[in-house]
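# curious how this folds, go ahead:
(2 chains)
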Amino acid sequence: MRFKILETSLRWASILIFSLLFFSSVMASGQQDPGPMHDMRNMEEPVAADVATGRMIYRMTCIHCHGLKGRGDGAAAIFIGPYSHPRPNDFTAGIFKFRSTESGQLPMVKDLMRTIREGIPGVMPSFRNLGEKEIRQVALYISTEFIRQELPTKTTIEYVEHVGPYTYSVESARRGKELYTKLGCAACHGLDGRGTGITLQDVRGLHIMPVDLTRQETFGNGISHEDIYRTIMTGLDGTPMPGFSDQFKGHEENAWNLVHYILSLQGR
Amino acid sequence: MISLFPSSGFAIPAFARKYDLSCTSCHTKPPRLNAFGEAFHMAGFQIPMVREGETKKKRNIGRVWSETDFLNIFSFRANGNLVESFQGSNPDETNLTFPRDLEIYLAGTYTDEISYFIELDHEAGAVQGIPGGFFEEKSEFGIGKEFFLMVDLQPGLRTLFGASGETMTEMTHGKSGTGHVMFMGPMVMIGKIDPSTNFSYPTNRQFIPNVPGRVDSGIVERFGLTPYAFASKFFGVKTAEGDSVEVTREVFYNTPGDFGIDLHAMMGNLLVQAGAMQGLQSGSRDVNPKKDPYLMARLNFGQQSYTSGSLSGLIYWGNDTAMVDKNLVNWLRYGFSGNLKYKYLDLYSAVIWDVIRNLPAGISSPFDRTANGFTLEGDYLATDRLLLSIRYDQLNAGGFISEKADGKVIAAQARFYMRDNFSFYLRDSYNLEGVGTNALQNFRNFVALGIDFDL
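A predicted model of the protein is given here:
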């Protein structure tokens, strides 16, 4: 008999807690920042609607790594680089690795879109199949909600096309090798490009290793000729990898020589 | 004394290859899922919002081992360990089985809406109940702990209601959700499933592996070591077919894999799950025409300041699912679980009550119809190579009063990672209840040195 009472009360307790769980969450989801979502109906401006959709995508998938407030403190973030770089960056701090703009500047929308579309090997999946429209929407959400500054729409870096005199040649790669030592790349990446084993720190004080230039799969900023050109010009802000656009102003062929040297290190 | 035995749970390096991600994008360390891994599983083994369909090539052209599509769906796992069990200062248990558990997985997405998961495994020396109240150790090769199809019903529902339905037309491309609440699923899983993957304490995903029991001439000398919250808990209860059931065997919703059908959907931070299982260890045999339905709800919170967590509640109705003496009985299971992750710390706990209902008067001897179990595990990644775990298990057993005994065990483990997919561990389970003659208490210390390897 005593058991029966205990059992019945336990059962009712669990039903009660169950319903509480249910209702609280329904209420909570109803209340969730009604702001942009409600506005969406009345506002004609496509940008607001885009940002609202971007927010929804962000909350479904990016949030786990990048965090509710875009600070790079999602619950999964810390395990991506446990005790070391990389970790999702703090969007609100305005320091971005993957740009086509000068070192120290914010990225353009198309830079954010490239990162989202391509992903970052090893740490962030490619969102190509999200669709271009959605990729733009989530990029706009990041810029309006977290970066909160006007993003640049052009860059002062000269992107010389990989054609004609700028294409690969053995001679070009040889000149690239000279530049590699002259510009001090070897200090971090080692004479053979495989790294020096030195311990560096990123802007958050996390341990970071210079990339092994012979292994393209470790590149975060892309491995096409144009990607590597861009990396050398812009550098990766927030990491020790500097931008070299100043050295190449008016001599962009030198940057291509360096690219060719790196390609030759990878045997391609 | 070397034995290879199963540590349950899954890390699917095939997924990591397919998406060109490191294991730690989805796992705190395999097999524990982090918040993103949970979302990935929830979305039917896909990146949420991204319809991937069959394997698509990314820009990972540099990785030779990513080149072949087959490797993107294929994984392999092996575990082994050296065990010693102590009564006093001398080890009293030795066994050499190699390998004890070998697992092969095929997992991936077949179309945008259909994903599959197949596991083949070889398990040596698993304790199995047999009729007459006896047990045996068996080696088995076959379909493993889980194999199932997962189908996303949302596109179908959209086509069905899309034309007329108000709420459905509000969904943008059906991928994202209604005007206010984000919506994912419903997804249906059919086959040999582990529904508890969605529970705040997933049975299969812990760092302290289960230890099989020891059987001698049909009698269990020591029951297996498992999280007691999920155990069957009743001494002398049999399956509907009359086979004995190990008291520490994980059963029902909390089994590492049994036959059933499961539906789950997510609205905002709330996940709801409903399904039915075949019944207590009935496998694919259709011995229980009434089936055992269950309901689970889970609420997620966090997602900033390196914090996330969830609370879950479960109710499971076992219908004619078990036998006491010769009577089929109903079995009610209910309970809660919670999980809190903060930075390198991961805490998860469950408390589960079990009640045998409609027990007829006049069974052979006095019987306790209620039982409960409590389990709490904490893991801490102390360095990027060292994971420390501690687990407390308490079993307040039910069943025939003359046979039953309670259990209290504390386990501590240090796991050292050579790489993300290769680890060693040293573990000790200590019997807090005191050594007794009952098979639940028949050890003082259980020490294991093990290896875990995924490819």
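# just the strands in chain A please.
A:200-201, A:207-208 (DSSP state E).
# tabulate those strands (CSV), appending mean pLDDT, distance to chain B and mean neighbour count.
Bear in mind the C-beta positions are built from the backbone N, C-alpha and C, glycine included. Formatted as CSV, the strands of chain A follow (pLDDT from 0 to 100; distance: least, C-beta to the nearest C-beta, whole Å; neighbours: other C-beta atoms under 10 Å in any protein chain shown):
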stretch, mean pLDDT, distance to chain B, mean neighbour count
strand A:200-201, 94, 16, 14
strand A:207-208, 94, 9, 17
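# now those in TSV, with distance to B:K291?
Shown next, in TSV, are the strands of chain A (distance: least, C-beta to C-beta, whole Å):
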stretch	distance to B:K291
strand A:200-201	58
strand A:207-208	54
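# B:S337 is nearest to which of the ones you listed?
Closest to B:S337 of the strands of chain A, according to C-beta to C-beta: strand A:207-208, at 35.4 Å.
# packing partners of the closest one?
Identification of packing neighbours for strand A:207-208 by 3 or more C-beta pairs under 8 Å, 6 or more residues apart in numbering or on different chains; DSSP states H and E yields strand A:200-201.
# low pLDDT regions in chain B?
For chain B, the stretches flagged by pLDDT under 70 are B:1-14, B:52-102, B:122-125, B:139-146, B:161-181, B:284, B:454-455.
# for stretch B:17-24, list the C-alpha coordinates in CSV.
The C-alpha atoms that make up stretch B:17-24 are tabulated as CSV, following Å, rounded to 0.1, in the frame of the first residue of the first chain:
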residue,chain,number,x,y,z
ARG,B,17,36.5,12.6,-43.5
LYS,B,18,33.4,13.5,-45.4
TYR,B,19,33.2,17.0,-44.0
ASP,B,20,36.9,17.5,-43.7
LEU,B,21,36.6,18.2,-40.0
SER,B,22,38.6,17.1,-37.0
CYS,B,23,36.9,14.7,-34.5
THR,B,24,36.7,17.5,-32.0
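# quick one: it to chain centroid distance?
Its chain's C-alpha centre and that of stretch B:17-24 lie 23 Å apart, by C-alpha atoms, centre = their mean, to the nearest Å.
# then stretch A:190-205?
The answer for stretch A:190-205 is 20 Å, by C-alpha atoms, centre = their mean.
# roughly how far does the nearest residue to A:L236 once chain neighbours are set aside sit from chain B?
Excluding the flanking residues, the one nearest A:L236 by C-beta to C-beta, 6 or more residues apart in numbering or on different chains is A:K97, at 4.2 Å. Separation of A:K97 from chain B (C-beta to the nearest C-beta, to the nearest Å): 17 Å.
# need the next SSE after the helix or strand that contains B:Y105, C-terminal direction.
B:Y105 is part of strand B:101-109 when elements are defined by DSSP states H and E. The helix or strand immediately downstream of strand B:101-109 is strand B:114-130, counting by DSSP H and E.
# give me the angle between that following strand and strand B:101-109.
Counting by axes from the mean of the first three to the mean of the last three C-alpha atoms, to 10 degrees, strand B:114-130 lies at 150 degrees to strand B:101-109.
# could you pull up phi and psi at the residue nearest to A:L236?
With angles defined as degrees, to the nearest 10, A:K97 sits at phi -80, psi -40.
# now do B:F230
According to degrees, to the nearest 10, B:F230 has phi -100, psi 0.
# thought it was touching B:P256?
No - the criterion here is C-beta atoms under 8 Å, and B:F230 misses it with B:P256 at 9.3 Å.
# name the residue in the two with the higher neighbour count.
Here B:F230 and B:P256 are set side by side on neighbour count (other C-beta atoms under 10 Å in any protein chain shown), and the busier one is B:F230, at 28 against 22.
# quick one: the closest residue to that one other than its chain neighbours from B:H41, how far?
Spatial nearest neighbour of B:F230, excluding adjacent residues (C-beta to C-beta, 6+ apart): B:N254 at 3.5 Å. Separation of B:N254 from B:H41 (C-beta to C-beta, to the nearest Å): 17 Å.
# do A:R71 as well
25 Å.
# can you check B:W331 too?
From B:W331 across to B:H41, the span is 28 Å (C-beta to C-beta).
# neighbour count for these two, which is higher?
B:W331 (26 against 19).
# wait, the more buried one touches B:M323, no?
No - judged on C-beta under 8 Å, B:W331 makes no contact with B:M323 at a distance of 10.4 Å.
# who in the stretch 51-200 of chain A is up against chain B?
A:53, A:56-57, A:59-61, A:63-65, A:67-69, A:71, A:73-80, A:82-84, A:118-119, A:121-130, A:134 (C-beta under 8 Å from any C-beta of the partner chain).
# quick one: buried ones out of those residues?
A:53, A:56-57, A:59-61, A:63-65, A:67, A:69, A:71, A:73-80, A:82, A:118-119, A:121-130, A:134 (16 or more other C-beta atoms under 10 Å in any protein chain shown).
# so which of the residues you listed sit within helices?
The helices, defined by DSSP state H, take in A:T53, A:M56, A:I57, A:I63, A:H64, A:C65, A:A77, A:I78, A:F79, A:I80, A:E118, A:E134 from these.
# how about the last one, nearest residue that isn't a chain neighbour?
The reference is to A:E134. A:I57 (5.9 Å).
# cool, B:N327 as well?
Using C-beta to C-beta, 6+ apart, the nearest residue to B:N327 is B:P360, at 5.3 Å.
# please identify which helix or strand holds the one you found.
Per DSSP H and E: nothing holds B:P360, as it lies in no helix or strand.
# next one: phi and psi at it?
With angles defined as degrees, to the nearest 10, B:P360 sits at phi -70, psi 150.
# next one: B:Y228
The phi/psi pair for B:Y228 (degrees, to the nearest 10) reads phi -60, psi -20.
# surely it is in contact with B:E377?
No - B:Y228 lies out of contact with B:E377 (C-beta under 8 Å); the separation is 11.6 Å.
# which of those two has more neighbours?
B:Y228 (29 against 23).
# list the contacts of that one.
Residues in contact with B:Y228 (C-beta atoms under 8 Å, 6 or more residues apart in numbering or on different chains) are B:T248, B:G373, B:F374, B:T375, B:D393, B:Q394, B:L395, B:G407, B:V409.
# can you flag the buried ones in those?
Looks like the contacts of B:Y228 have B:T248, B:G373, B:F374, B:T375, B:D393, B:Q394, B:L395, B:G407, B:V409 buried, using 16+ other C-beta under 10 Å.
# all helices of the stretch 101-250 of chain A, in order?
For the stretch 101-250 of chain A, helices defined by DSSP state H, counting those that start in this stretch occupy the ranges A:109-118, A:132-141, A:170-182, A:185-189, A:225-234, A:245-248.
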